[in-house]
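S.K.: Build me a structure from this.
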Amino acid sequence: ADQTLFDNLWAFKVARSTGKASQLMPWVIENNGTTIVDPNSASDADFDIAFALLMAHYQWGSGGTYNYQTLADTEITRCRQYDINADYSVRPGDAWNDWGYPSYYFPAFFRVFGQFQGGASQTAWNSVVTKCLSNINNNRNTTSGLVGEICDVSTGARRNDNPCSGGCDGRLYKYNSCRVPWRYATDWLWHGNTTDSSGNEVNLLASFWNGRAATDVRDGYRIADNSVEGTVNNASFVGPAGCSLMYSSTYQTRLTEYYNRTNSFDVNESYYNGSLQVLTLLLMTGNFHNLRSFGSPEPTRTYTPVPSGQTIDCFEDGNVNNFYNDWGGEWFTYADRSTCLLTATVWPAPNTGVTPTAGGPTGSTYYLRVTGTKAAADTARNCYPSVGFGTDLGYRILQIGGVVDLRPFHTANGGIRFWARGS
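M.R.: Numbering: from 1, shown residues only. Reported below is the predicted structural model:
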């Protein structure tokens, strides 16, 4: 069903873009689905579409109705041709270039585009990442990391005007630029301390939001002095701000607070708030993935019943906040930042137990779901952050005198086996 919906959306995009030189999606279409109000594209949407096609290839393969891999390659090339200037700055769309939008910078996607295409294309996309970071540095408040709605398209210099009388005030952090923490946190989590790292920007934002309760976040700030301009507390601002708190486990308590507040909003409140609510919740729970890093989709696994009398724990009971297995040992998650204190986050958070998730493999009702993110390894300093989960054998060890013999388990060779749901 998901693939069918995706294919229908792609067909809609193609039908509405036919006849345009760029073949990029018109950014305003009437809700009748046919009347095009403005045929020009918005580059943020163009990047999303290109990335979605690439992820479709890694999710479903390219042997069906559409060759997603070829389509992604073509769409990425169109983005580079029509949405990127000669100096590698990001245009607002395929037909205008009056000012830039910092919220259209998505370095996480740009790096993946380059890795996918390779060669000269990768060099070009890396240059786009470099230009975006330079523009962010030129535009932001140097203590908070907040950026304006718009900027000079080439240099990122701050604009002190509102040329379109709504949604483009260069002096304010509003409903465009509120996406920047989410976009740059994604790059930090996916690519870590790589060349032109997003770490400094995310660190500034994390420090700023860490000083504010989630319920105190408002829908507008003046970037000159970080003063509050808005009055509303909603998912469009709380969710992306929460993503920046994933910079370091130092902010885990505040991150949990921001996650809970984002999750509390009504997803049906509005299209924009609801979309950012879902996207940022996915990132904060470790479920906003670069599927390319996973390789090809894995084959579907077949569920086999657990042998009687050999169960350390079974999650079919759906036990909420499950702290202990059937032997009395503790379930735990961990996020090891390594001695370099690199980013590592895990969900469920450490010391909160593990709750079975509905939707197990065939024949199963529940499964244990643990997600997380970590920065790339810093091999020069021998630092390898990691996340994971585990359990102790607990009281069973005490019952039999401090030793558990695993040899009788399952086969004569011994050991412990488990059943994995896969992705």
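S.K.: drop to CA atoms for contacts and neighbour counts, all remaining ones
M.R.: Fine.
S.K.: so what's residue 346 closest to, chain neighbours aside?
M.R.: residue 372 (4.1 Å; CA to CA, 6 or more residues apart in numbering).
S.K.: mind listing what that neighbour touches?
M.R.: 285, 286, 287, 344, 345, 346, 347, 387, 388 (CA atoms under 8 Å, 6 or more residues apart in numbering).
S.K.: Name the member of the residues you listed with the most neighbours.
M.R.: residue 345 (31 neighbours; other CA atoms under 10 Å).
S.K.: Check for me that the residue nearest to residue 346 belongs to a helix.
M.R.: No. Secondary structure of residue 372 (DSSP: H, G, I helix; E, B strand; the rest coil): strand, not part of a helix.
S.K.: quick one: it and residue 161, what's the gap?
M.R.: Relative to residue 161, residue 372 is positioned 41 Å away (CA to CA, to the nearest Å).
S.K.: Checking residue 155 next. Helix, strand or coil?
M.R.: Classified using three-state DSSP, residue 155 is coil.
S.K.: Not counting residues beside it along the chain, what's closest to it?
M.R.: Residue 155 sits nearest to residue 135 (CA to CA, 6+ apart), 5.5 Å away.
S.K.: Let me see the contact set for that neighbour.
M.R.: Residue 135 touches 102, 154, 155, 156, 157, counting by CA under 8 Å, 6+ apart.
S.K.: which element is it on?
M.R.: According to DSSP states H and E, residue 135 maps onto helix 119-139.
S.K.: residues of that helix that come out buried?
M.R.: 121-122, 124-139 (16 or more other CA atoms under 10 Å).
S.K.: and what of stretch 94-104?
M.R.: In stretch 94-104, counting by 16+ other CA under 10 Å, buried: 94, 97, 99, 100, 101, 102, 103, 104.
S.K.: try stretch 72-80
M.R.: Those buried within stretch 72-80 under the rule 16+ other CA under 10 Å are 72, 73, 75, 76, 77, 78, 79, 80.
S.K.: which strands and helices sit next to the helix or strand containing residue 279?
M.R.: In the assignment (DSSP H and E), residue 279 maps to helix 271-284. If you count contacts as 3 or more CA pairs under 8 Å, 6 or more residues apart in numbering; DSSP states H and E, helix 271-284 packs onto helix 235-244, helix 252-264.
S.K.: among the ones you listed, which is nearest residue 277?
M.R.: helix 235-244 (5.3 Å; CA to CA).
S.K.: counting contacts, what elements does the closest one pack onto?
M.R.: helix 180-191, helix 199-210, helix 252-264, helix 271-284.
S.K.: how does it look with 6 Å?
M.R.: helix 180-191, helix 252-264, helix 271-284 (3 or more CA pairs under 6 Å, 6 or more residues apart in numbering; DSSP states H and E).
S.K.: Quickly compare those and say which is most buried.
M.R.: Counting by mean count of other CA atoms under 10 Å, helix 180-191 has the highest mean neighbour count of the helices and strands packed on helix 235-244, with a mean of 26.
S.K.: helices or strands up against that helix?
M.R.: helix 235-244.
S.K.: can you rerun that using 7 Å?
M.R.: helix 107-117, helix 199-210, helix 235-244 (3 or more CA pairs under 7 Å, 6 or more residues apart in numbering; DSSP states H and E).
S.K.: Out of those helices, which gets nearest to residue 168?
M.R.: Closest among these, once you apply CA to CA, is helix 235-244, at 16.4 Å.
S.K.: export stretch 274-286 as PDB, just CAs?
M.R.: Extracted C-alpha coordinates of stretch 274-286, given in PDB (Å, rounded to 0.1, in the frame of the first residue of the first chain):
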ATOM      1  CA  GLY A 274       1.500  18.100  11.600                       C
ATOM      2  CA  SER A 275       4.200  17.400   9.000                       C
ATOM      3  CA  LEU A 276       7.000  18.900  11.100                       C
ATOM      4  CA  GLN A 277       5.600  17.100  14.100                       C
ATOM      5  CA  VAL A 278       5.900  13.700  12.400                       C
ATOM      6  CA  LEU A 279       9.300  14.400  10.800                       C
ATOM      7  CA  THR A 280      10.900  15.600  13.900                       C
ATOM      8  CA  LEU A 281       9.400  12.800  16.100                       C
ATOM      9  CA  LEU A 282      10.900  10.300  13.600                       C
ATOM     10  CA  LEU A 283      14.300  11.900  14.000                       C
ATOM     11  CA  MET A 284      14.100  12.200  17.800                       C
ATOM     12  CA  THR A 285      13.200   8.500  18.100                       C
ATOM     13  CA  GLY A 286      16.000   7.400  15.700                       C
END
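S.K.: Lovely, talk soon.
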